[in-house]
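what's the 3D shape of this:
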Amino acid sequence: MPAHPRPRRLAAALAAVALAIAACGSSSPSGASTPSIAPSAAASPSAAATPGPSAGMTALTVGLGYIPSVQFAQYYLAQEGGYYAAAGLTVKLQNEVDPNLITKVGQGALDIGEGDGTSVIPAVSQGIPVVYTATVSGTFPDIVIAKAGSGISTPADLKGKKIGIPGRYGSSWIMLLALLKSAGLTTSDVSIVEFPDYGQAAALQQGAVDAATGFINNEPIQLQNAGIDTVALSVDSIVPLPGPGLVTGTATLKAKHDALAAFTKATLQAMSDIAADPQKGLDATYALEPDLAQDKPLQAQILAATITTWKNARTGAPYGAIDTAGWQQSLDFMTGLGLVPNPVQASQLTDSSLLP
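I've put the predicted structure just below:
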């Protein structure tokens, strides 16, 4: 979720881009100034809102991706708007990079969190006791982006191109493999350039790569605001990969089932309320994460794009619903790619018992 953090300091962003470009064997014009492109919120830890404990309330620690972002507006609204409190919950929101989040959920260090569905499959395969309990992004948000007019409009057009990625892991990597496979290509047919500091979109902006992985509700918006039109390649028509959703540990699911069900219901209600009135989500976000209010037009654009991903356009299912058929297809696909270390059944991956 896996779209939308606080921008990094410009100097740090430019330094990261410069290093990445050097690694690509390219250079930017001397003295050129390039706007920073913020990474998706699915990427490095940060502090989050922490209410104090209340008597008679059930405490839950909730993991969210990378850094504070308007893409998590439903959690902010449920917190700030009193949805969680009304459900008898004291909720602590905590930001975590996705691999850490999945591990901590499995260990019980986090009660529940928003993690990538594509991370759950290999995790369960490796014996990590987690289960996916509600869909947040019904539409898979990971994409490959290229500049409009670049000649890249289909997966086949990626052949021979230089593609920027944060690393050979996670949902974006699986998505890229799926796109390449759909065109009869493999990673040997392209040039992969890694940007561990999530500078691949800035590298695309500067021309250091031909295409880059990203999220439909982040990089295209920020590049558009920088005056760059883009095209996006999505995987939805190839395989219905599971997007970000709520993930909990199997032991926690048993021990705190009713509290987790109340949390899930409150969060889904907040999603519905934000879809009906996005300003509610923006106001709650600014209340809990005031730094994000520095660029309100950008945040509004990101939230609007995020709301679009919540609905599963293929099935038309309500918020939270789990596409079990899609999970089976994804499991089969990832197994075929060698991304599932040990055999696992689709029934081990999801649990709908927390849904209203």
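
domain map for the protein?
As recorded under automatic domain parsing, the domains making up the chain are 1-33+141-241, 58-139+243-348.

restrict stretch 87-102 to CA atoms and write it as CSV.
Output in CSV follows, covering the C-alpha atoms of stretch 87-102 (Å, rounded to 0.1, in the frame of the first residue of the first chain):
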residue,chain,number,x,y,z
ALA,A,87,-16.3,1.4,19.8
GLY,A,88,-14.6,1.1,23.2
LEU,A,89,-11.1,1.3,21.8
THR,A,90,-8.0,3.2,22.6
VAL,A,91,-5.9,3.1,19.5
LYS,A,92,-2.2,3.9,19.0
LEU,A,93,-1.2,4.5,15.4
GLN,A,94,2.4,3.6,14.6
ASN,A,95,4.2,3.9,11.2
GLU,A,96,6.3,0.9,10.0
VAL,A,97,8.0,-0.1,6.8
ASP,A,98,6.0,-3.0,5.3
PRO,A,99,8.4,-5.9,6.1
ASN,A,100,8.7,-4.8,9.7
LEU,A,101,5.0,-4.3,10.0
ILE,A,102,4.2,-7.9,8.8
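
dihedrals phi and psi, residue 193?
phi -120, psi 120 (degrees, to the nearest 10).

that one contacts residue 165, correct?
Yes. Between residue 193 and residue 165 there is a contact under CB atoms under 8 Å: 7.3 Å. Placement of C-beta: from N, CA and C, glycine included.

where in this structure is pLDDT low?
1-55 (pLDDT under 70).

okay, helices next: where are they in the stretch 251-356 of the chain?
257-276, 278-288, 296-310, 324-336 (DSSP state H, counting those that start in this stretch).

what packs against the shortest one?
Same thing as helix 278-288. helix 73-80, helix 257-276, helix 296-310 (3 or more CB pairs under 8 Å, 6 or more residues apart in numbering; DSSP states H and E).

now the angle from it to helix 296-310?
120 degrees (axes from the mean of the first three to the mean of the last three CA atoms, to 10 degrees).

may I see the buried residues of helix 278-288?
278, 280-286, 288 (16 or more other CB atoms under 10 Å).

so residue 259 sits against residue 57, correct?
No. Contact criterion CB under 8 Å: residue 259 and residue 57 do not qualify, at 9.4 Å.

which of those two has more neighbours?
Neighbours were counted for residue 259 and for residue 57 using other CB atoms under 10 Å; residue 259 has more, 21 against 16.

show me what contacts the closest residue to the more buried one other than its chain neighbours?
Counting by CB to CB, 6 or more residues apart in numbering, residue 58 is the residue found nearest to residue 259 once chain neighbours are left out, at 4.2 Å. Residues in contact with residue 58 (CB atoms under 8 Å, 6 or more residues apart in numbering) are 88-90, 256, 259, 262.

just residue 104 next, same as before
Residue 104 neighbours (CB under 8 Å, 6+ apart): 63, 96, 110, 113.

element containing it, please.
helix 98-107 (DSSP states H and E).

now do the buried residues in that helix.
Those would be 98, 100-106, for helix 98-107 by 16+ other CB under 10 Å.

again, but for stretch 229-237
Buried, per 16+ other CB under 10 Å, within stretch 229-237: 230-231, 233-235.

export these to TSV and tack on secondary structure and distance to residue 197?
Formatted as TSV, the buried residues of stretch 229-237 follow (DSSP: H, G, I helix; E, B strand; the rest coil; distance: CB to CB, whole Å):
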residue	secondary structure	distance to residue 197
230	strand	21
231	strand	25
233	strand	23
234	coil	25
235	coil	24
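
with these in mind, which one is nearest to residue 73?
residue 234 (22.6 Å; CB to CB).

who's the residue lying closest to the closest one once chain neighbours are set aside bridged to?
Excluding the flanking residues, the one nearest residue 234 by CB to CB, 6+ apart is residue 143, at 5.2 Å. As for beta bridges, residue 143 partners with residue 214 under DSSP bridges.

equivalent analysis for residue 162, please.
Bridge pairing for residue 162 - DSSP bridges - gives residue 191.

make 59 the first number, not 1, from now on.
Happy to do that; since the first residue is 59 now, the last one works out to residue 220.

contact partners for it?
82, 248-249, 251, 266-269 are the contacts of residue 220 under CB under 8 Å, 6+ apart.

repeat that for 7 Å
Residues near residue 220 by CB atoms under 7 Å, 6 or more residues apart in numbering: 82, 249, 251, 267-268.

need these in CSV (columns: distance to residue 240 and neighbour count).
CSV is the format used below for those (distance: CB to CB, whole Å; neighbours: other CB atoms under 10 Å):
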residue, distance to residue 240, neighbour count
82, 26, 18
249, 19, 14
251, 21, 21
267, 21, 26
268, 18, 21
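
which of those sits closest to residue 328?
residue 267 (37.1 Å).

surely residue 378 and residue 327 touch.
No. Using CB atoms under 7 Å, residue 378 makes no contact with residue 327, being 10.1 Å away.

tell me which of those two has more neighbours.
Remark: of residue 378 and residue 327, residue 378 carries more neighbours, 23 against 18, as counted by other CB under 10 Å.
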